[in-house]
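[1] what follows is a predicted protein model with its sequence.
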Amino acid sequence: MRILGAFADVGSRIPRKLRIQLLVITSLRMVLALLDLIGVVFIAAFSASSLSSLTNSQVGERGEIPINLRTDLSAVSLLIIGVASLALKSICSLVLSNHQSRLLNNEASRQIGQLARSLFITPQYEISQLSSQELHFLLTAGVRASVTGLLGPAITLVAEVFVLFLLIGFLMSTNFVLSSFILTAFGGTSFLLFRLIGNRQYRLGQLLGSANIQSLSVLQELTYGYREFWPRGTMRDHLSKFEMCEQEMSVIQTKQNFFSLIPRHGLEILVMVGLGAIAVATSAGSQSGNSLILLVVFATTAIRILPCLIPIQASVAEIQTNLGIASSLAIVRELTQKHVPMTDHHAAKKSSQVDMCEIKIRNLVFRYKDSRSDLISCKSLDIIGPGLIAVTGPSGSGKSTFFDLVLGIKQPSSGSIQVNRLSPNQLITSRPGICGYLPQRITGLNLTLAENVAFGSPVNEIDESRVLKLLKDVGLSELIDRTALGIWTPIGELANSISGGQMQRLGIARCLYTSPQLLLIDEATSGLDLKSRTAIVNMISQLAREILVIAISHQSEFQDYAKSVLAIEAGQLKPL
């Protein structure tokens with residue numbers, strides 16, 4: 001039931017055109033099974049034709065059989081047709097398998113992108129339930145396991161089972177009793193192996209997913225915390241933790257390999273034992289020539305049956321493993337279905353620019369789920385630009401949540417907040433870039449200065465002249481002149497090649513790149529020296545002459561330049 005439910009879920013998510021293409025591929029692979037049957041029949045016929053030429057007089061005194069089999073034109077033709085059929089089947093299967101792999105991988109990539117888009121336009125506090133490592137693993141390995149890891153083996157399973165039944169049917173037409181014995185033995189062994197290792201493979205898939213997430217998490221900690229681990233002398237301990245994660249993965253993968261090898265070797269042993277049993281059974285009471293012919297026919301067919309059984313068992317094991325890996329994917333899908341998605345800002349056209357930004361708040365209440373009290377409430381408040389508005393309040397009072405409400409990242413529990421007479425989502429949809437946001441910790445992309453300023457814009461669409469002007473305006477000329485690359489100078493992972501003050505300036509340039517009419521600044525000067533802090537405050541106060549700037553700060557410098565101050569105290573947002 002678990003497997004059927006997973007296939008039903010995956011099937012409902014793939015487009016109708018792809019379902020038809022996969023159905024055609026499966027059908028073609030089943031048709032190709034006829035080439036297997038033709039190959040086995042003709043090779044068996046060649047063997048029977050050649051062996052039938054043996055006579056008792058050709059057997060030596062010691063029982064040797066000389067190699068002087070009849071190889072006339074008709075027998076050779078049978079062999080050529082048989083070998084050609086099997087070779088053609090292999091070539092066609094290779095082409096179909098490659099096409100199938102390309103279709104499934106493309107579909108996995110499409111679903112990864114679709115799920116990521118749905119996920120990252122849901123409220124941020126829902127996404128924060130998962131770590132970045134979990135999100136990355138589930139979005140990539142989880143989706144691929146649920147698409148390529150399930151559908152690929154399933155198609156192989158259907159095709160190989162069809163081949164198996166054709167070959168079993170051929171054997172039954174040769175000797176019904178022995179064929180029934182073979183079918184019972186192979187079927188019983190396969191079912192027993194599935195019962196023994198199926199649940200183990202599923203559990204190992206879950207464990208492998210968790211181990212991958214843990215390994216990535218520890219490696220990120222080592223990378224980001226290097227400067228802290230080193231002087232504390234705890235680097236070696238954390239490296240040991242990483243090694244333990246990798247050792248755990250090695251143990252899991254070793255177990256996976258072991259369980260995946262059991263079906264193959266078990267079935268190989270069964271075939272060999274079966275051939276021995278067939279040899280004894282066919283030779284009892286029969287002429288040696290007839291026994292040998294029957295044995296060759298069975299051996300030829302069994303040799304082709306074995307390559308069917310091994311992929312069948314491998315496909316079942318792979319499906320179980322990938323079900324385990326993809327089992328946690330339901331968590332991500334629930335997050336995307338839990339809330340009405342926010343509007344995709346990039347799908348909208350820009351509206352005409354407005355000269356003045358106005359925020360109106362009426363009966364606003366925001367409360368987290370399961371909370372007994374309101375985090376923020378405000379009866380009525382109008383904020384009109386241009387100008388600098390300072391927001392104060394103790395840590396945890398809801399200042400950053402207020403910004404999330406203005407940006408539309410969070411939705412009010414009741415009441416309304418409007419920017420230029422539109423809800424935040426409607427405003428940003430109608431004019432992407434009208435709002436700029438400068439966080440406490442600016443995200444530095446492991447890219448160039450220009451790409452960090454344009455922040456997400458395609459490289460071929462970056463306005464180089466605007467980037468150059470903005471970097472100079474915020475006082476980053478020295479970064480541009482540092483190398484011959486200019487604005488295309490890389491800043492390194494986590495912006496490790498520039499200082500904190502320079503990163504703050506780059507963040508301001510990033511905010512201004514879209515020509516915003518509203519700029520939200522969250523603790524922009526925290527952690528900076530006095531000189532850098534003063535320079536940034538002066539820069540922001542100059543910006544406030546043209547646009548509406550709302551700045552959160554525990555320091556008093558913004559309040560000195562502000563035309564009004566808002567305070568959040570005991571859950572109440574109000575002007576001082």
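    That came through, no problem.
[2] please name the nearest non-neighbouring residue to F455.
    Spatial nearest neighbour of F455, excluding adjacent residues (C-beta to C-beta, 6 or more residues apart in numbering): R510 at 5.1 Å. Backbone N, C-alpha and C define where each C-beta goes, glycine included.
[3] show me what contacts the one you found?
    G436, I442, N452, V453, A454, F455 (C-beta atoms under 8 Å, 6 or more residues apart in numbering).
[4] check L518 too.
    Counted by C-beta under 8 Å, 6+ apart, L518 has contacts C357, I359, G385, V406, V419, I434, C435, G436, I547, L548, I550.
[5] between these, which is closest to L494?
    Checking the contacts of L518 against L494 by C-beta to C-beta gives G436 as the nearest, at 21.9 Å.
[6] tell me who's in contact with the closest one.
    Applying C-beta under 8 Å, 6+ apart, the residues near G436 are R510, C511, L512, T514, P516, L518, L519, L520.
[7] tell me which element the second one falls in.
    By that I understand C511. Element membership for C511 (DSSP states H and E) is helix 500-512.
[8] chain center to that helix, what's the gap?
    Distance of helix 500-512 from the chain centroid (C-alpha atoms, centre = their mean, to the nearest Å) equals 32 Å.
[9] using PDB, write out every CA atom in that helix.
    Taking Å, rounded to 0.1, in the frame of the first residue of the first chain, the C-alpha atoms of helix 500-512 are listed here in PDB:
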ATOM      1  CA  GLY A 500      31.500  44.700   7.700                       C
ATOM      2  CA  GLY A 501      31.200  48.400   7.000                       C
ATOM      3  CA  GLN A 502      31.800  47.900   3.300                       C
ATOM      4  CA  MET A 503      29.100  45.200   3.300                       C
ATOM      5  CA  GLN A 504      26.600  47.600   4.900                       C
ATOM      6  CA  ARG A 505      27.400  50.100   2.100                       C
ATOM      7  CA  LEU A 506      27.000  47.500  -0.500                       C
ATOM      8  CA  GLY A 507      23.700  46.600   1.000                       C
ATOM      9  CA  ILE A 508      22.500  50.200   0.700                       C
ATOM     10  CA  ALA A 509      23.600  50.200  -3.000                       C
ATOM     11  CA  ARG A 510      21.600  47.000  -3.400                       C
ATOM     12  CA  CYS A 511      18.500  48.600  -1.900                       C
ATOM     13  CA  LEU A 512      18.800  51.700  -4.200                       C
END
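[10] tell me how many other residues crowd L449.
    Counted with other C-beta atoms under 10 Å, the neighbours of L449 add up to 24.
[11] if you could redo that for G398, that was the one I meant.
    Residues lying near G398 (other C-beta under 10 Å) number 21.
[12] surely it meets A570?
    No: the criterion here is C-beta atoms under 8 Å, and G398 misses it with A570 at 10.3 Å.
[13] if I look at the closest residue to I508 other than its chain neighbours, how far off is K531?
    Nearest non-adjacent residue to I508, counting by C-beta to C-beta, 6+ apart: V474, 5.1 Å away. Distance of V474 to K531, computed by C-beta to C-beta, to the nearest Å: 15 Å.
[14] who has more neighbours, the two?
    Ranked by neighbour count (other C-beta under 10 Å), V474 and K531 place V474 first, with 22 against 9.
[15] excluding its backbone neighbours, what's nearest the residue most central in space within the chain?
    The centre of the chain sits closest to T140, judged by C-alpha atoms, centre = their mean, with a distance of 1.0 Å. Spatial nearest neighbour of T140, excluding adjacent residues (C-beta to C-beta, 6+ apart): I112 at 6.3 Å.
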